[in-house]
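Participant: Predicted model, plus sequence, below.
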Amino acid sequence: MEFYRNKRKTVNLILICTGILLILVVLFLYSIGLFTNILSTKLAAISGVFGIILAIVIINKLISLKDTSPQIILSNEGIIAKVTAVSKAAGLIYWKDIIDISLEKVGGDTLVTLTVDKPEHYIPAIKKKLSAMVVNGIEDANGHLPINLTASELHLDAQELHNVITSFKKELDSQKQTMV
(Lines give C-alpha, C1' and ligand atoms only; values in the text may rest on other atoms or scores of the structure.)
Protein backbone atom coordinates (compact mmCIF):
# COMPACT_ATOMS: atom_id res chain seq x y z
CA MET A 1 0.00 0.00 0.00
CA GLU A 2 1.44 3.34 -1.00
CA PHE A 3 0.62 6.91 -0.04
CA TYR A 4 1.59 9.81 -2.27
CA ARG A 5 2.07 13.54 -1.78
CA ASN A 6 -1.01 15.73 -2.09
CA LYS A 7 0.37 18.61 -4.15
CA ARG A 8 -2.44 20.93 -3.06
CA LYS A 9 -1.54 20.45 0.62
CA THR A 10 2.13 21.02 -0.16
CA VAL A 11 1.38 24.21 -2.10
CA ASN A 12 -0.81 25.43 0.82
CA LEU A 13 2.07 24.73 3.19
CA ILE A 14 4.46 26.64 0.92
CA LEU A 15 2.04 29.59 0.75
CA ILE A 16 1.67 29.69 4.53
CA CYS A 17 5.45 29.56 4.96
CA THR A 18 5.88 32.30 2.34
CA GLY A 19 3.41 34.51 4.23
CA ILE A 20 5.33 33.98 7.47
CA LEU A 21 8.59 34.69 5.62
CA LEU A 22 7.20 38.00 4.34
CA ILE A 23 6.27 38.96 7.90
CA LEU A 24 9.80 38.06 9.03
CA VAL A 25 11.29 40.16 6.22
CA VAL A 26 9.18 43.18 7.23
CA LEU A 27 10.15 42.58 10.86
CA PHE A 28 13.82 42.41 9.86
CA LEU A 29 13.57 45.62 7.83
CA TYR A 30 11.84 47.34 10.77
CA SER A 31 14.48 46.09 13.22
CA ILE A 32 17.38 47.44 11.15
CA GLY A 33 15.78 50.86 11.28
CA LEU A 34 14.50 51.17 7.74
CA PHE A 35 11.18 52.68 8.88
CA THR A 36 12.07 54.32 12.20
CA ASN A 37 15.87 54.82 12.10
CA ILE A 38 16.06 52.85 15.37
CA LEU A 39 18.25 49.75 15.33
CA SER A 40 17.18 46.63 17.24
CA THR A 41 19.97 44.08 16.86
CA LYS A 42 18.30 41.25 18.79
CA LEU A 43 15.13 41.46 16.75
CA ALA A 44 17.17 41.73 13.54
CA ALA A 45 19.20 38.64 14.44
CA ILE A 46 16.18 36.56 15.43
CA SER A 47 14.05 37.53 12.43
CA GLY A 48 17.02 37.10 10.10
CA VAL A 49 17.90 33.61 11.35
CA PHE A 50 14.29 32.40 11.28
CA GLY A 51 13.84 33.98 7.86
CA ILE A 52 16.84 32.13 6.46
CA ILE A 53 15.65 28.84 7.96
CA LEU A 54 12.16 29.38 6.56
CA ALA A 55 13.56 30.27 3.12
CA ILE A 56 15.51 26.99 3.11
CA VAL A 57 12.36 25.07 4.09
CA ILE A 58 10.40 26.75 1.29
CA ILE A 59 13.08 25.92 -1.27
CA ASN A 60 13.18 22.30 -0.11
CA LYS A 61 9.39 22.05 -0.36
CA LEU A 62 9.45 23.53 -3.86
CA ILE A 63 12.06 20.97 -4.90
CA SER A 64 10.07 18.16 -3.27
CA LEU A 65 7.04 18.99 -5.43
CA LYS A 66 8.83 17.26 -8.32
CA ASP A 67 9.13 14.02 -6.30
CA THR A 68 6.38 11.67 -7.48
CA SER A 69 7.52 8.65 -5.48
CA PRO A 70 5.37 7.32 -2.61
CA GLN A 71 5.88 9.08 0.71
CA ILE A 72 4.83 6.07 2.79
CA ILE A 73 4.93 2.43 1.74
CA LEU A 74 3.30 -0.31 3.81
CA SER A 75 4.61 -3.74 2.85
CA ASN A 76 4.57 -7.19 4.42
CA GLU A 77 8.05 -6.52 5.85
CA GLY A 78 7.41 -3.09 7.34
CA ILE A 79 7.03 0.62 6.73
CA ILE A 80 9.18 2.87 4.59
CA ALA A 81 8.41 6.55 5.13
CA LYS A 82 9.82 9.80 3.76
CA VAL A 83 7.52 12.21 5.60
CA THR A 84 9.90 13.21 8.42
CA ALA A 85 13.67 13.38 8.60
CA VAL A 86 13.94 10.58 11.17
CA SER A 87 11.54 8.27 9.34
CA LYS A 88 13.40 8.82 6.09
CA ALA A 89 16.78 8.17 7.74
CA ALA A 90 15.52 5.02 9.51
CA GLY A 91 14.72 3.27 6.25
CA LEU A 92 12.63 0.10 6.47
CA ILE A 93 10.99 -0.16 9.89
CA TYR A 94 10.08 -3.80 10.46
CA TRP A 95 6.59 -4.67 11.71
CA LYS A 96 8.08 -7.04 14.29
CA ASP A 97 9.93 -4.08 15.85
CA ILE A 98 6.87 -1.80 16.07
CA ILE A 99 5.36 -2.26 19.53
CA ASP A 100 2.88 0.63 19.49
CA ILE A 101 1.18 2.96 17.01
CA SER A 102 -0.37 6.09 18.50
CA LEU A 103 -1.52 9.61 17.65
CA GLU A 104 0.30 12.53 19.21
CA LYS A 105 -0.54 16.23 18.97
CA VAL A 106 2.61 18.29 18.39
CA GLY A 107 2.16 22.01 17.82
CA GLY A 108 -0.39 22.47 15.05
CA ASP A 109 0.09 18.97 13.62
CA THR A 110 -1.09 15.54 14.68
CA LEU A 111 1.57 12.88 14.20
CA VAL A 112 1.37 9.12 13.99
CA THR A 113 4.03 7.85 16.38
CA LEU A 114 5.55 4.43 15.85
CA THR A 115 7.18 3.14 19.02
CA VAL A 116 9.99 0.91 17.85
CA ASP A 117 11.77 -1.74 19.87
CA LYS A 118 15.43 -2.56 19.16
CA PRO A 119 16.59 1.05 18.62
CA GLU A 120 20.16 -0.22 18.31
CA HIS A 121 19.21 -1.51 14.85
CA TYR A 122 17.85 1.85 13.62
CA ILE A 123 19.92 4.50 15.40
CA PRO A 124 23.20 3.82 13.51
CA ALA A 125 21.40 4.28 10.17
CA ILE A 126 19.76 7.46 11.45
CA LYS A 127 23.11 8.80 12.73
CA LYS A 128 24.66 8.28 9.30
CA LYS A 129 22.06 10.51 7.66
CA LEU A 130 21.25 13.04 10.37
CA SER A 131 23.24 15.12 12.81
CA ALA A 132 24.27 13.33 15.99
CA MET A 133 22.65 16.23 17.85
CA VAL A 134 19.25 15.17 16.49
CA VAL A 135 19.78 11.54 17.44
CA ASN A 136 21.20 12.01 20.96
CA GLY A 137 18.47 11.34 23.50
CA ILE A 138 15.97 10.27 20.87
CA GLU A 139 15.04 7.14 22.82
CA ASP A 140 12.14 7.39 25.26
CA ALA A 141 12.32 6.53 28.99
CA ASN A 142 11.67 2.85 28.26
CA GLY A 143 14.54 2.60 25.78
CA HIS A 144 12.27 2.55 22.73
CA LEU A 145 12.66 4.65 19.61
CA PRO A 146 9.69 6.90 18.73
CA ILE A 147 9.46 7.60 15.00
CA ASN A 148 6.92 10.21 13.99
CA LEU A 149 5.02 10.26 10.71
CA THR A 150 3.09 13.29 9.50
CA ALA A 151 0.18 13.28 7.11
CA SER A 152 0.42 17.02 6.47
CA GLU A 153 1.37 16.49 2.81
CA LEU A 154 -0.59 13.28 2.11
CA HIS A 155 -4.06 12.72 0.67
CA LEU A 156 -5.38 11.68 4.09
CA ASP A 157 -5.27 13.08 7.60
CA ALA A 158 -3.36 11.71 10.61
CA GLN A 159 -6.35 9.82 12.05
CA GLU A 160 -6.95 8.04 8.73
CA LEU A 161 -3.23 7.25 8.41
CA HIS A 162 -3.22 5.85 11.94
CA ASN A 163 -6.26 3.69 11.19
CA VAL A 164 -4.76 2.37 7.94
CA ILE A 165 -1.41 1.51 9.53
CA THR A 166 -3.06 -0.12 12.55
CA SER A 167 -5.46 -2.20 10.46
CA PHE A 168 -2.66 -3.20 8.05
CA LYS A 169 -0.54 -4.41 10.99
CA LYS A 170 -3.50 -6.28 12.54
CA GLU A 171 -4.24 -7.96 9.21
CA LEU A 172 -0.62 -9.06 8.89
CA ASP A 173 -0.62 -10.37 12.48
CA SER A 174 -3.83 -12.34 11.87
CA GLN A 175 -2.39 -13.80 8.64
CA LYS A 176 0.72 -14.93 10.53
CA GLN A 177 -1.42 -16.57 13.25
CA THR A 178 -3.53 -18.49 10.71
CA MET A 179 -0.36 -19.75 9.05
CA VAL A 180 0.90 -21.17 12.36
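Facilitator: Structure's in. What do you need?

Participant: quick one: buried residues of the helix or strand harbouring residue 171?
Facilitator: In this structure, residue 171 is located in helix 158-179 according to DSSP states H and E. If you call a residue buried by 16 or more other C-beta atoms under 10 Å, then helix 158-179 has these buried ones: 158, 161, 162, 164, 165, 168, 169, 172. Bear in mind the C-beta positions are built from the backbone N, C-alpha and C, glycine included.

Participant: before we move on, what about stretch 43-53?
Facilitator: Under 16+ other C-beta under 10 Å, the buried positions of stretch 43-53 are 44, 47, 48, 51.

Participant: I'd like the distance from it to the chain centre, please.
Facilitator: Relative to the centre of its chain, stretch 43-53 is centred 23 Å away, using C-alpha atoms, centre = their mean, to the nearest Å.

Participant: Also stretch 91-102?
Facilitator: For stretch 91-102, the separation from the chain centroid amounts to 16 Å (computed by C-alpha atoms, centre = their mean).

Participant: which residues sit against it?
Facilitator: For stretch 91-102, contacts defined as C-beta atoms under 8 Å, 6 or more residues apart in numbering pick out 76-81, 87, 112-118, 121-122, 125, 144, 147, 162, 165-166, 169, 172.
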